[in-house]
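Trainee: Next come a sequence and a model predicted from it.
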Amino acid sequence: METFPVCPVCGITVVPGAPQGLCPECLLRAGFETKSGNKSTDGKLATALAPLEEVAKSFPSLEFMELAGHGGMGAVYKVRQPQLARIAALKFLFPEKQSSPQFADRFEREARTLAALSHPNIVMVYDFGKVDGRFYLLMEFVDGLTLRQMFRARRLSPAEAVGIVPKICDALQYAHDQGVVHRDIKPENILLDKSGQVKIADFGIAKMLHLPGNVTLTGAMDVIGTPLYMAPEQIENPEIVDSRADIYSLGVVFYEMLTGELPLGRFQPPSQKLETDPRLDEVVIHALEKEPDRRYQQVGQMKTDVEKIAQTMPPEEARPKTNVPPASRSARPAGLVAEAQAAARAALPSKPVRRTSKTTRAFRPKIAIVAGVIFVLAALFLAILFLVMHK
Amino acid sequence: MASKFNLLSTDLQSRSEEHASPHGGSSPRRIFATTQWSVVLTAGRAEFEQAQDALETLCRTYWYPLYAYVRRRGYSPADAEDLTQEFFAWLLERKWLGKADPQRGRFRSFLLTSVSNFLSNEWDKARTQKRGGGKIIALERDEAENRYTWHPLSYRIPESSFTPEQSFEWRWALTLLDQVMSRLSAEFEQEHKKEMFEALKPCLLGESSAQPYATLASILGMSEGSVKVTVHRLRQRYRQMLREEIASTVSSPEEIEEELRYLFAVLTRR
């Protein structure tokens, strides 16, 4: 009997016909994630994402409006609390092992900590618990966009960036003072609501889902954070991470806000890429120090530096060197959100269309047909000319 | 197996929808009209050609689950091959104009219902008046038979304990994934990055299934940072293509996520 290879992730046999030699189950599972980074490793995802009616039964006091999003970490529903006449977000978490008592304890501890965080720039947790086998968090619903969606709509101006960053710093400083590290700061977790308020989401969720000591846990690394925004010491050793990891992640986000790119390898300071205030370079670089000891030690320090620069920044900074529509006159995030939403609605391509080859490919058959027609006409013309000449 | 894919204007929308905020904010509605199954369902008189093309493309892509179903129903490999070809010829002759029912649901269920119907009513007739001529699908009997014997569940549970419908569905899911991965591979190949794809594709399954980035970086002669970015992009493209492929087999955008979950349930059946 032939032995077939076994999937390194789930351990079942991988048949010869498997797509590109990869385990089909794991491959399809990997397809679930819609937010970058985190992946579900829970085999029961299919059953866990039950139809709305079923989920709603577990929460009789809530009115379910719609599924607002889902990914490897869980599903989020937009709900209404009729008693309080408010909209909320109901988020479910699918940990690696739902039944693990470790998880239940950790969940409760973390959720309680989160619920105690009360800050205008942090998405509030109203309630949490476990119902019908599902862990949930009832949170503030933010009607707006993520920073990621902003990026897709258009480049932010430095004025806008220095308007947003101090708010994030506020939120982080507050949390750090309470002993809470976010661990997963990235554009997807930074929300801007319609009135321009900055809100950080998913505080501590990463910690909640991490089961220590189980290094071979599939997807454990994914659950903790996106490598692109993670501090080096966090990638190295996710257990021993302090508030300075958040500062690094914020540095990455700040860099991305200013330049539209990620600071990879030997990255260039923002002012060398675009016409940004060179004083901002120092802030970004200081936040992106690989050694935590060399970084800002307090996110409040970063805020002070940014605000100082913002006060004396020349107006109408940074016409980016690339072909991006000029930033809105108002640096107010509110205008930004409305703009971004309008842009998203108009389905603008987020970046200069990279795939020009793909779009022109669609025209090639048409060009071929036109060319063919011209050729035929030309041939016909020549034939007629020939006949006439020889008459 | 080169497939004709109608240019998907869902491309842009799906990219922005990928990072949809769970806290609200509307993502733009997909322009769904150009995906294959929906073309078939909604074609009017003027779009008949496109509808035929679309249906043909779908049939060419998803013949294998059908073959498996027929075999599971008890037909010999020879009969199954004939039957499969005849079925598709019959299907494509039906002329969908005017019979378009947007509630027709998914191509997967449609195909299953149709072949079941065909076996009950039409096969006997079709047998006697074989259309012959050009074959719709490039069916290699040996290849088909080989694939038919590969079923991981048969290592734990005999396939005889699965209904033909279940067999069909399992192979459907597999074919769909295969299609997505072929496209993904082709895309990288087109950019002359085939090596990169081969080395990095295990990363699609998760960090622990692949070698550490540092090792991959030295194998590929890239910086670690570049590897991470490429993997990130690979994952995004995969997820996007997965949804595009599913989109081509369902009748409305709302069905995509549901179909995705259904297929996962099919693959994880025990």
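Mentor: Received it, and whenever you're ready, just let me know what you need. Residues are numbered from 1 along each chain as shown, chains lettered A, B, ... in the order given.

Trainee: gap between residue A:299 and residue A:200?
Mentor: 12 Å (C-beta to C-beta, to the nearest Å). Yep, even glycine has a C-beta here, placed from its N, CA and C like the rest.

Trainee: and if you look at residue A:89?
Mentor: 14 Å.

Trainee: same question, residue B:86
Mentor: Noted for residue B:86: a distance of 61 Å to residue A:200, by C-beta to C-beta.

Trainee: Could you report the pLDDT at residue B:247?
Mentor: Reading off the confidence values, residue B:247 has pLDDT 89.

Trainee: any low-confidence regions in chain A?
Mentor: A:1-4, A:11, A:16, A:33-52, A:69-74, A:94-101, A:204-227, A:315-368, A:391 (pLDDT under 70).

Trainee: wait, I meant the stretch 151-270 of chain B
Mentor: B:151-161, B:207-210, B:269-270.

Trainee: mind listing what's buried in the helix ranked longest in chain B?
Mentor: The residue-count maximum for a helix in chain B (DSSP state H) belongs to helix B:164-190. When neighbours are counted by 16 or more other C-beta atoms under 10 Å in any protein chain shown, the buried residues of helix B:164-190 are found to be B:164, B:166-185, B:187-188.

Trainee: just stretch A:131-151 next, same as before
Mentor: Quick answer for stretch A:131-151 (16+ other C-beta under 10 Å): A:134-151.

Trainee: Mind jotting down where the helices sit in chain B?
Mentor: Using DSSP H, helices in chain B cover B:10-17, B:36-42, B:48-61, B:63-72, B:77-93, B:107-117, B:123-128, B:141-149, B:164-190, B:194-200, B:213-220, B:224-247, B:254-267.

Trainee: Redo those as TSV? Include distance to residue A:196.
Mentor: TSV is the format used below for the helices of chain B (distance: least, C-beta to C-beta, whole Å):
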stretch	distance to residue A:196
helix B:10-17	21
helix B:36-42	39
helix B:48-61	46
helix B:63-72	52
helix B:77-93	56
helix B:107-117	45
helix B:123-128	66
helix B:141-149	57
helix B:164-190	39
helix B:194-200	40
helix B:213-220	38
helix B:224-247	29
helix B:254-267	31
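
Trainee: Next, format those as a markdown table and append distance to chain A.
Mentor: Output for these, formatted as a markdown table (distance: least, C-beta to the nearest C-beta, whole Å):
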| stretch | distance to chain A |
| --- | --- |
| helix B:10-17 | 5 |
| helix B:36-42 | 15 |
| helix B:48-61 | 13 |
| helix B:63-72 | 9 |
| helix B:77-93 | 17 |
| helix B:107-117 | 15 |
| helix B:123-128 | 27 |
| helix B:141-149 | 5 |
| helix B:164-190 | 4 |
| helix B:194-200 | 9 |
| helix B:213-220 | 8 |
| helix B:224-247 | 4 |
| helix B:254-267 | 4 |
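
Trainee: who wins for proximity to residue A:381 among those helices?
Mentor: If you check each of the helices of chain B against residue A:381 by C-beta to C-beta, helix B:48-61 wins as the nearest, at 30.3 Å.

Trainee: now the closest one and helix B:107-117, what's the angle there?
Mentor: 80 degrees (axes from the mean of the first three to the mean of the last three C-alpha atoms, to 10 degrees).

Trainee: So which bits of helix B:48-61 are buried?
Mentor: So helix B:48-61, judged by 16+ other C-beta under 10 Å, has buried residues B:51-61.

Trainee: ok, so of those, who is nearest residue A:177?
Mentor: The closest of those, once distances to residue A:177 are taken by C-beta to C-beta, is residue B:61, at 57.2 Å.

Trainee: Look at the closest one and report its pLDDT.
Mentor: For residue B:61, the model assigns a pLDDT of 89.

Trainee: can you check residue B:22 too?
Mentor: 38.

Trainee: The one 3 residues further on now?
Mentor: We note a pLDDT of 31 for residue B:25 in this prediction.

Trainee: how deep is residue A:161 tucked in, by neighbour count?
Mentor: Using other C-beta atoms under 10 Å in any protein chain shown, residue A:161 is surrounded by 26 other residues.

Trainee: What is the strand or helix carrying it packed up against?
Mentor: Following DSSP states H and E, one finds residue A:161 within helix A:158-177. Identification of packing neighbours for helix A:158-177 by 3 or more C-beta pairs under 8 Å, 6 or more residues apart in numbering or on different chains; DSSP states H and E yields strand A:190-193, strand A:198-200, helix A:243-259, helix A:299-311, helix A:333-345.

Trainee: now it and helix A:243-259, what's the angle there?
Mentor: Using the same axes, to 10 degrees: helix A:158-177 against helix A:243-259 is 170 degrees.
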